[in-house]
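Student: sharing a model prediction with you, sequence too.
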Amino acid sequence: MADIDGIVPVRETTKVRRFTEIMKSEETKEVLAFVLTQFISFFVFRAITQIFPLYLQRTTTLTDKEVAIKWGTIVSAYTFGGIFTRIPVGILIEKLGRKTIVIISYLVMILATAGLMISTSTWYLALAFILLRTSANTFGLSSRSLLSDIETNYKGFYNAIISTFARLGSLVGTVTLGVIIEFLPAYIMLLFPAILSILALFLFIGLFYEGEAEKRHQTRQTQKVDGHKVAFKLRDFVNSAFIFFFVIFAVFGIAEGITGPVLSLYGKNVLNLSESYVGTIIGLAQIGYIGVSPFIGILISKDTKYLLILPTVSVIVWIADYLLVYLLPLSLTAFIVFLVIRNLVQAMFWTSALTILTTDLPKDKFALMYSVFTTTFFAGISLGSLFSGSIFARDYRLTWLYSMYVVLLLFALLIAYFFFQKKKEKKSSEQTFLGFK
């Protein structure tokens with residue numbers, strides 16, 4: 001905004017110049033292709049998993065409770081199966097390179113998505129979703145691996161942008177598939193994302209840019225340290241930060257596993273909404289993540305103290321969110337508020353957590369170590385999903401109550417880690433003051 005003389009204030013000019021520099025930088029050129037992969041990953045995988053219970057209800061004679069139990073079993077099975085692919089994928093990223101592994105994953109995604117149209121057998125669907133989950137795993141690991149190799153002060157911003165476009169893909173995909181399942185033949189809901197994935201594959205190949213981060217990765221593939229390849233040691237894993245994220249990711253996953261698989265069934269069968277309406281509100285709720293995540297990325301890039309504060313605050317809000325929908329189970333407004341806040345919580349938590357990981361983990365070991373963290377997250381989802389359908393079938397209100405109990409445990413863990421880090425920092429500063437460091 002200009003002042004009375006038409007002169008743009010220096011602060012605004014600086015912000016515009018900084019944003020322009022980021023957009024024109026080589027790092028942004030490298031990130032662009034991986035932003036696309038995250039958009040497509042969430043459009044295809046996340047949107048299908050949100051709407052697929054409605055697909056089952058449309059294409060089978062199962063009741064809503066039977067669908068909930070069947071879908072909970074499928075989610076648990078494919079999440080558990082996907083766990084075993086994460087660490088191998090992390091190794092393959094280091095051996096084959098990010099570009100090659102992403103291209104292979106696009107092909108897997110296309111085949112798995114199209115394959116979902118063949119049968120509604122529980123175990124066949126579980127197998128197809130394992131392949132779909134594996135491709136999504138690869139997209140996420142490759143994107144974060146790239147960010148670990150980028151040398152920039154705006155790592156938090158890039159983490160936020162990748163996460164934002166992932167959620168944008170989920171928004172657009174969930175709304176689109178919700179409309180398709182209501183107004184078009186059910187198989188179109190699966191054929192459309194398969195065709196989109198084919199187009200995205202060629203677009204990725206065209207957008208891929210080999211910059212400094214990719215060169216570092218290629219050098220690392222052949223580089224030797226003291227005559228030996230980089231090796232993993234026990235001390236890489238036995239430290240407070242690694243153990244903290246290992247446990248936190250698992251607990252977070254359990255809460256998501258209990259709730260996530262039944263969201264669309266709750267909207268259709270408890271609140272009596274149409275398929276397109278369910279897809280629209282679940283999709284548009286992603287706006288909470290999309291709108292907040294970039295600002296959080298900039299905030300934590302400027303001041304790292306928020307890296308611990310924001311996750312703790314987000315969990316407090318999450319507890320209140322579950323309590324709201326538990327107390328007002330038949331309120332559409334409460335459900336919409338719950339979905340929006342759920343995404344705001346995830347924006348605060350994941351943007352901070354992923355920035356810590358891409359900054360602090362060793363570059364030559366990042367892909368594998370990050371895959372270990374996310375493996376525990378999906379193990380938690382698998383465990384929660386195993387009971388999700390049964391809990392919903394017994395009493396849908398218990399879905400929110402049990403999830404809230406899990407998040408209370410998450411809050412206790414965060415508080416414990418927060419004080420542990422403060423004590424560690426105090427001890428470190430005292431040693432420095434006394435000349436021990």
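Tutor: Sure, I can see it.

Student: okay, now Ile93: neighbour count?
Tutor: Here the number of neighbours of Ile93 (other CB atoms under 10 Å) works out to 25. Backbone N, C-alpha and C define where each C-beta goes, glycine included.

Student: enumerate every residue touching it.
Tutor: 101, 138, 141-142, 145, 367 (CB atoms under 8 Å, 6 or more residues apart in numbering).

Student: dump those residues into TSV; add distance to Leu401, neighbour count and secondary structure as well.
Tutor: Listed next are the contacts of Ile93 as TSV, based on distance: CB to CB, whole Å; neighbours: other CB atoms under 10 Å; DSSP: H, G, I helix; E, B strand; the rest coil:
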residue	distance to Leu401	neighbour count	secondary structure
Ile101	41	21	helix
Thr138	35	26	helix
Leu141	34	26	helix
Ser142	38	25	helix
Ser145	38	24	helix
Ala367	38	25	helix
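
Student: for the stretch 251-400 of the chain, give me the ranges with low pLDDT.
Tutor: Where the stretch 251-400 of the chain drops to pLDDT under 70, the residues are 301, 304, 358, 360-368.

Student: ok so, going back, quick one: which of the contacts of Ile93 is nearest to Gly72?
Tutor: The nearest member of these to Gly72, counting by CB to CB, is Thr138 at 25.1 Å.

Student: what's the longest helix in the protein?
Tutor: In the chain, with assignment by DSSP state H, the single longest helix is helix 396-433.

Student: closest to Val345 out of the contacts of Ile93?
Tutor: Using CB to CB, Leu141 comes nearest to Val345 of the contacts of Ile93, at 23.2 Å.

Student: retrieve the pLDDT associated with that closest one.
Tutor: We have a pLDDT of 82 for Leu141.

Student: got it, and Ser403?
Tutor: Value for Ser403, per-residue pLDDT: 94.

Student: relative to Phe378, which of the contacts of Ile93 is nearest.
Tutor: If you rank the contacts of Ile93 by distance to Phe378 using CB to CB, Leu141 comes first, at 12.0 Å.

Student: next one: the closest one from Ile195, what distance?
Tutor: Distance, Leu141 to Ile195, using CB to CB, to the nearest Å: 25 Å.

Student: can you show me the helices along the stretch 251-400 of the chain?
Tutor: 263-265, 275-284, 287-302, 306-327, 332-360, 366-394, 396-433 (DSSP state H, counting those that start in this stretch).

Student: closest one to Phe129 among those?
Tutor: helix 366-394 (11.3 Å).

Student: re earlier: out of the helices of the stretch 251-400 of the chain, deepest packed?
Tutor: helix 263-265 (a mean of 25; mean count of other CB atoms under 10 Å).

Student: what's that one packed up against?
Tutor: Judged by 3 or more CB pairs under 8 Å, 6 or more residues apart in numbering; DSSP states H and E, the packing partners of helix 263-265 are helix 47-59, helix 64-96, helix 275-284.

Student: can you list contacts of stretch 272-283?
Tutor: 47, 50-51, 54, 58, 170-179, 181-183, 263-264, 267-268, 332, 335-336, 339.

Student: again, only this time at 7 Å
Tutor: Contact with stretch 272-283 is made by 50-51, 54, 170-171, 174-175, 177-179, 181-182, 263-264, 267-268, 336, 339, as judged by CB atoms under 7 Å, 6 or more residues apart in numbering.

Student: export the helices and strands packed on helix 263-265 to JSON lines and tack on distance to Ile150?
Tutor: JSON lines is the format used below for the helices and strands packed on helix 263-265 (distance: least, CB to CB, whole Å):
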{"stretch": "helix 47-59", "distance to Ile150": "28"}
{"stretch": "helix 64-96", "distance to Ile150": "15"}
{"stretch": "helix 275-284", "distance to Ile150": "30"}
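
Student: ranked by average pLDDT, which of these falls at the bottom?
Tutor: Mean pLDDT per stretch puts helix 64-96 lowest among the helices and strands packed on helix 263-265, at a mean of 82.

Student: distance-wise, check the closest residue in space to Leu308 that isn't next to it in sequence relative to Ala250.
Tutor: Among residues not flanking Leu308 along the chain, Phe418 sits closest, at 5.7 Å (CB to CB, 6 or more residues apart in numbering). As judged by CB to CB, Phe418 and Ala250 stand 18 Å apart.

Student: all set now, cheers.
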